[in-house]
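S.K.: Could you work out the structure for the sequence below:
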Amino acid sequence: MGRAPWRPCGEDGGVQSPTTSRAGALARIRQGLRAELTRHVGFNGLAQIAPMVVTLALTPLLLDRLGLDRYGIWALAIVVLSTLTALDGGIAASLARYFAVYGARHDREDSGRLLVASFLFSVAFGLLLTVVAFVVAPVAVELLDIPERLESETVFVFRCLPALATLGLFADATAALLQGNGRFRALATSMFTSAGAFAVAVVVLVQPDKPLTALVIATGIRYAAQLAVGLAAGLRDVSFARPFLPHRTTVRDLVRFASRMQLSALTGFVNSELDILVIAALLPVRYAGLYALGLQAAAAARSLPLFAFAPVLTRLAATFRRSGRDGTRTEFDRLESRWLPAVLAYGVVSVASVGFIVPIWLGDRYALSGGIAALLLAGFMIHVAFTGMRTCYVRAVGQPGLEARYSAVWMIGNAVLTIPLALVAGVLGVVGATVASGIVASLYFVVLCRRREDLHVIVPGRLWWAMAVAAALVTVGGELALLATDLHGFGALALALVPPAAALLLFAAPLGWTLRAGPRAAPAGD
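M.R.: Purely as a prediction, here's the structure:
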């Protein structure tokens, strides 16, 4: 008589079947992955919030020491700097995906080759930009509506931007290395160090005489600090061996991927950088400063959901490496069913509050900046909610062309609408063009991903919509009451955050029910 097959015992002494044992193991694996993702999102949030908090804290100081005209010039410089780093052929935006793939297979040598190649490319790109900047900067300054007394200072700042862009690309490469290898604690350390160094440099160096020159130096210190700390932390994930550069096939694959990512980067130029350049060309430069303040507030509010992007991209890229497209699509469905209702809930509350928060913080003379922030944030939150997980998915599975297509729709629509609406409605017309084209492009991306990758469309239930209205009313009522007190400054800013926090708490329980029940998928024809 043969022996019965051995079956493991459970913790209660009972006998487990192999099926039960496997189900329990899978449940523990999923729980571990959720805990890891939550931890990564938390550290990535710390990494992203550091420069945002420092920027917001320094804004009143910079307005005081620069004045609104110089602040507008610095806002233009930051826009040009962001543009230069974005127009790198899509390399920087692609590195995190490739480092994640190499990290998933523990390939330290290929990671090292990619890091070296990115540094060499940044140096060559920076030298080319430097030559162009020395010729173009004086001409560009003459075309903008800048006070004559500030023109020479502005030319100097613009000529320094390529060097800052090179340092910024170095720092971005090390950040991508840390993200791709799941080193979000180290990323947070590097970002906190760089933000702290920038804050100290601004407080010490930026004085009434030549403040823009001092800001250039402070920004260089910021990037250098991020690079040094990030490189020191990331060296454990790379190994340098001959040949020191990637194989030609890898380069071709990266360039092909990056070229599609570049179109998405161009969208950023058209949708924000072009906006402020149009404002500076058509209106006095102080309006560029007012726009920049509104954009800063909207971008800060938008950034909170974006803390999840890098960890989610790393997670989906690793899933694609292990389980292919079907496994990645399943993981997308799980993440999207939680992402969309939560981000839209946060968006309703943040849009309802940000237009009041800016003048409460900085003063009534910045009410226009508050209106700009509210309009921009409305478009931003719709965009983030509907495209966030889809962007991570298409990058993870190597289909950036889908992202490029919807980015092209946004870019063309905004370019067509911006100048006509600017002539009709000024700054608010520029913002309206960005918001309208962004919403249309985001919905197009949802449809495109449904058709090409069979990604499901999620629709929040009726309870969610009812609570959204209630949360908006609570937020607006609280902000109006605070606005009537005529309080301003950081103390008033802290009080202004109470109504949206209360509204989110009001939303928390129904939102939890919605997430546990699972949102409804839209019909296939939607």
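S.K.: C-alpha only now, for contacts and for neighbours.
M.R.: Fine.
S.K.: where does the stretch 351-500 of the chain have low pLDDT?
M.R.: Along the stretch 351-500 of the chain, the model assigns pLDDT under 70 to no residue.
S.K.: one more time with 80
M.R.: Low-confidence segments of the stretch 351-500 of the chain, defined by pLDDT under 80: 460-461.
S.K.: Show me where it has its strands.
M.R.: 458-459 (DSSP state E, counting those that start in this stretch).
S.K.: What of the chain?
M.R.: Assigned by DSSP state E, the chain shows strands spanning 458-459, 520-521.
S.K.: what's the distance between the residue nearest the centre of the chain and Leu231?
M.R.: Centroid check for the chain by Cα atoms, centre = their mean gives Leu306 as the closest residue, at 5.2 Å. Distance, Leu306 to Leu231, using Cα to Cα, to the nearest Å: 23 Å.
S.K.: Over to Ala468?
M.R.: Ala468 is 44 Å from Leu231, by Cα to Cα.
S.K.: same deal with Val348?
M.R.: Distance from Val348 to Leu231, by Cα to Cα: 39 Å.
S.K.: and if you look at Ile91?
M.R.: 18 Å.
S.K.: can you list the weak-confidence ranges in the stretch 51-200 of the chain?
M.R.: Ranges of the stretch 51-200 of the chain meeting pLDDT under 80: 86-87, 89, 92-93, 145.
S.K.: Show me where it has its helices.
M.R.: 91-104, 108-143, 151-180, 184-205 (DSSP state H, counting those that start in this stretch).
S.K.: which helices and strands does the last one pack with?
M.R.: Where contact means 3 or more Cα pairs under 8 Å, 6 or more residues apart in numbering; DSSP states H and E, helix 184-205 is packed against helix 18-86, helix 151-180, helix 211-234.
S.K.: Now these in a markdown table, please, with extra columns for mean neighbour count and distance to Val394.
M.R.: A markdown table is the format used below for the helices and strands packed on helix 184-205 (neighbours: other Cα atoms under 10 Å; distance: least, Cα to Cα, whole Å):
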| stretch | mean neighbour count | distance to Val394 |
| --- | --- | --- |
| helix 18-86 | 17 | 19 |
| helix 151-180 | 23 | 16 |
| helix 211-234 | 21 | 26 |
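S.K.: who wins for proximity to Met411 among these?
M.R.: helix 18-86 (14.3 Å; Cα to Cα).
S.K.: what's around Leu245, how many residues?
M.R.: Residues within reach of Leu245, counting by other Cα atoms under 10 Å, total 20.
S.K.: quick one: it from Arg105, how far?
M.R.: 19 Å.
S.K.: how about the spatially closest residue to Tyr444 that is not a sequence neighbour, what does it touch?
M.R.: Here the nearest residue to Tyr444 in space, its sequence neighbours aside, is Tyr406; by Cα to Cα, 6 or more residues apart in numbering that works out to 6.5 Å. Contacts for Tyr406 (Cα atoms under 8 Å, 6 or more residues apart in numbering) come out as Ala441, Ser442, Tyr444, Phe445.
S.K.: State the distance from Tyr406 to His456.
M.R.: Counting by Cα to Cα, the gap from Tyr406 to His456 is 17 Å.
S.K.: go on, Val157?
M.R.: 48 Å.
S.K.: didn't Ala199 look like it was pressed against Val54?
M.R.: Yes. Ala199 is in contact with Val54 according to Cα atoms under 8 Å; the separation is 6.6 Å.
S.K.: Provide the contact partners of stretch 101-118 at residue level.
M.R.: Counting by Cα under 8 Å, 6+ apart, 91-92, 99, 170, 173-174, 177, 180-181, 237-241, 243-246, 317-318, 321 sit against stretch 101-118.
S.K.: Drop anything exposed from those.
M.R.: Buried members of the contacts of stretch 101-118, counted by 16 or more other Cα atoms under 10 Å: 91-92, 99, 170, 173-174, 177, 180-181, 237-238, 240, 244-246, 317-318, 321.
S.K.: coming back round to it: residues in contact with the residue nearest to the centre of the chain?
M.R.: Leu306 neighbours (Cα under 8 Å, 6+ apart): Val384, Gly388.
S.K.: and the gap between it and Gly182?
M.R.: Applying Cα to Cα to Leu306 and Gly182 gives a distance of 16 Å.
S.K.: now Ser303
M.R.: 20 Å.
S.K.: who's more crowded, those two?
M.R.: Gly182 (23 against 18).
S.K.: give me phi/psi at that one?
M.R.: phi 70, psi 20 (degrees, to the nearest 10).
S.K.: Verify the stated contact: it with Val312.
M.R.: No. Assessed by Cα under 8 Å, Gly182 is found out of contact with Val312, at 10.3 Å.
S.K.: Show me the domain layout of the protein.
M.R.: 32-246, 258-520 (automatic domain parsing).
S.K.: can I get those in JSON lines with distance to Arg252?
M.R.: Below are the domains of the chain laid out as JSON lines (distance: least, Cα to Cα, whole Å):
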{"stretch": "domain 32-246", "distance to Arg252": "10"}
{"stretch": "domain 258-520", "distance to Arg252": "10"}
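S.K.: so where's the stretch 201-350 of the chain shaky on pLDDT?
M.R.: 208-210, 260-274, 277, 307, 309-310.
S.K.: Next one: Ile412 from His247, what distance?
M.R.: 36 Å.
S.K.: Kindly report the same for Val132.
M.R.: Distance from Val132 to His247, by Cα to Cα: 31 Å.
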